[in-house]
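> Need coordinates for the below:
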Amino acid sequence: MMQTEPKQSELSPYQQLDLWHDVADQCDAPRVLDDMDVSFLHKSFCIAGLPLRAPKNPKEPYTRNDNRFALTIAPNSFMLPGGDMVHVGIPYGPKSRLLAMWMATEVRDHERRTDNRWLEIGRVTHWLRSIGVEPVSGRRGSLNAVKDQLARLAFSQFTMVMKNGAVGDTMFKSDRLIESSVFGDGDFELYLCGDLGKMAWPKGIELSERAFDRFRKYSIPVPTARLARIAHSAMAIDIFAFLCYRLPHLSPRETELVTWRQLISQFGSGETPSKFRETFEASIRCALDAYPEANVDLRPKEGLMMRWSDPAELRRAFFVVPTLPSADAKALSSPGESGNSKPARGGRKTAKGDAP
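Residues are numbered from 1 along each chain as shown. You can find the predicted model right below:
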């Protein structure tokens, strides 16, 4: 039975401020069954996404804010033995989001010990293939981009500042996602030179204790097979994750309107309102192709109207379907999983264009 999510006002200011906190600590996280094809993403990434694209100034932090809170993701610089300085920018784009999803999925592996924070990097290429991202080496290959975003996730600092209107206090909280890692000899020098093709994968990464605990307890499940439809679009991933997180929390008769101003605040990256609408409409069409069960309407003047969507419908996509002969497979294929998915219901056709 689904637990009712506590209202923000029911959480203490410190709990609200914790980047890896969502609800009060529960018992051990449920394990994933062997016949399920499911990935995970922490709920904080469903609410405040990473930058969509590379910042113009790589040494400047990235911020999102409203009148109540502000999120800052800061780059990092450090010195190597011998005196060379290495600057690592902030994570951005679809690969950083997929890596965050891979980390949460590894943490929720049913064979992982509950105190094992070490992630073997060799497993990431297998997971990327499962979502349709073929690991390709070379200067413009996908592996170089993944290596770069992994380094950015490893060294960035996440800081949230929040006002508590009830008592007039302003509080802040800073966290790191990755606590430590082991790189090969000379790999930092290669990263410094931008020669990612020659740079080896790190031997592994160790998540911070807080990040590991929150990944284990507070990650939302998403069907792995659906990710192939959005893996190329950062905004489509953000919208898909937001809908997977938010829609099941609405009551069956409840509706919720996310205004265009709120959509720009949550998903935008400094574009003009007209440019944002164009990009958002294309991206939500892509996201709804991955989540056709979502009961939403995109309204030109108002914004995104959301209605309760039965999580049981999406959960059916978690289970692995045995391979069938081609004729039978064609006859039994689900409309939501075939190449010709049914169009979005109730106004979804307003999202036009290919996802960026």
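> for the chain, what's the longest helix?
helix 273-290 (DSSP state H).
> ok now it, how far from the chain's centre?
How far helix 273-290 lies from its chain's middle: 17 Å, per Cα atoms, centre = their mean, to the nearest Å.
> Against which helices or strands is it packed?
helix 234-246, helix 260-267, strand 296-299 (3 or more Cβ pairs under 8 Å, 6 or more residues apart in numbering; DSSP states H and E). Just so you know, the C-beta spots here come from the backbone N, C-alpha and C atoms, and that holds for glycine as well.
> how much space between the residue nearest to the spatial centre of the chain and Ile220?
Closest residue to the average C-alpha location of the chain: Arg97 at 4.4 Å, with Cα atoms, centre = their mean. As judged by Cβ to Cβ, to the nearest Å, Arg97 and Ile220 stand 14 Å apart.
> list residues touching both of the two?
Taking Cβ atoms under 8 Å, 6 or more residues apart in numbering as the contact rule, Arg97 and Ile220 both touch 41, 241.
> Please, where are all the strands along the stretch 51-200 of the chain?
62-65, 69-74, 76-79, 85-88, 118-120, 157-164, 169-175, 178-182 (DSSP state E, counting those that start in this stretch).
> what ranges of this structure fall below the confidence cut-off?
1-37, 43-44, 46-48, 66-67, 138-139, 165-167, 318-356 (pLDDT under 70).
> Asp238: what's its closest spatial neighbour, skipping adjacent residues?
Gly49 (4.2 Å; Cβ to Cβ, 6 or more residues apart in numbering).
> My read is that the one you found contacts Phe240, right?
No: with contact defined as Cβ atoms under 8 Å, Gly49 does not count as touching Phe240 (11.0 Å).
> The two: which is more packed in?
Phe240 (28 against 24; other Cβ atoms under 10 Å).
> unless I'm mixing things up, the more buried one is touching Ile230, no?
Yes: using Cβ under 8 Å, Phe240 is in contact with Ile230, at 5.4 Å.
> Overlap of the contact sets of the two?
Contact criterion Cβ under 8 Å, 6+ apart; residues bridging Phe240 and Ile230 by contacting each: 287, 290.
> Now do the contacts for Leu263.
Leu263 neighbours (Cβ under 8 Å, 6+ apart): 276, 280, 303-304.
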